[in-house]
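Colleague: sequence plus the predicted model coming up.
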Amino acid sequence: LAGTPRSSLPLTQIVDQACQEAEAYRDAGIDGLIVENMHDLPYTVCPGPEVTAAMTVVGAAVRQSCPLLPLGVQVLSAANQQAIAVALAAGLDFIRAEGFVFSHVADEGIINACAGDLLRYRKQVGAENIQIFADIKKKH
């Protein structure tokens, strides 16, 4: 996405590609889909507002392309409050929360547990309908 070191595509092209891929997965019969900025390497523990804005645009476009498919979002790395904001604004169903319970050291730095702050934020913004699929302990 814009603002990341390896950024090379305009947002319109990213949106088109995300929608095409989502439609292909939907047509293949998947049960749900998650939108993730996994190519924004190297990860940072504090992605900028441009990432949140872009993820909202992508998420909303995928929602429009696949209105009946359960859709979620993860904003890397461990930008879980931003993911709640994206899901709420884009009409998505869930987020994947990294570092929900246990803190860990990763290549991008220290990821602290976020359950308390994240659940309070979700309540504060009126997003209790957004499910949280959480890492209890980091998988790698």
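Modeller: It's in.
Colleague: for Ala106, give me its contacts.
Modeller: Each residue near Ala106 by C-beta atoms under 8 Å, 6 or more residues apart in numbering is listed here: Tyr43, Ser77, Lys138. No exception for glycine: its C-beta is placed from N, CA and C like everyone else's.
Colleague: the same query, at a cut-off of 6 Å, please.
Modeller: Applying C-beta atoms under 6 Å, 6 or more residues apart in numbering to Ala106 gives no contacts.
Colleague: again with Leu118
Modeller: When contacts are counted by C-beta under 6 Å, 6+ apart, Leu118 touches Asn80.
Colleague: what strand or helix carries it?
Modeller: In the assignment (DSSP states H and E), Leu118 maps to helix 115-124.
Colleague: going along the chain from that helix, find the next helix or strand for me.
Modeller: That would be, after helix 115-124 and using DSSP H and E, strand 131-134.
Colleague: and the gap between the residue most central in space within the chain and Tyr121?
Modeller: Centroid-nearest residue in the chain: Gln74, 2.1 Å away (criterion: C-alpha atoms, centre = their mean). Applying C-beta to C-beta, to the nearest Å, the value for Gln74 to Tyr121 is 16 Å.
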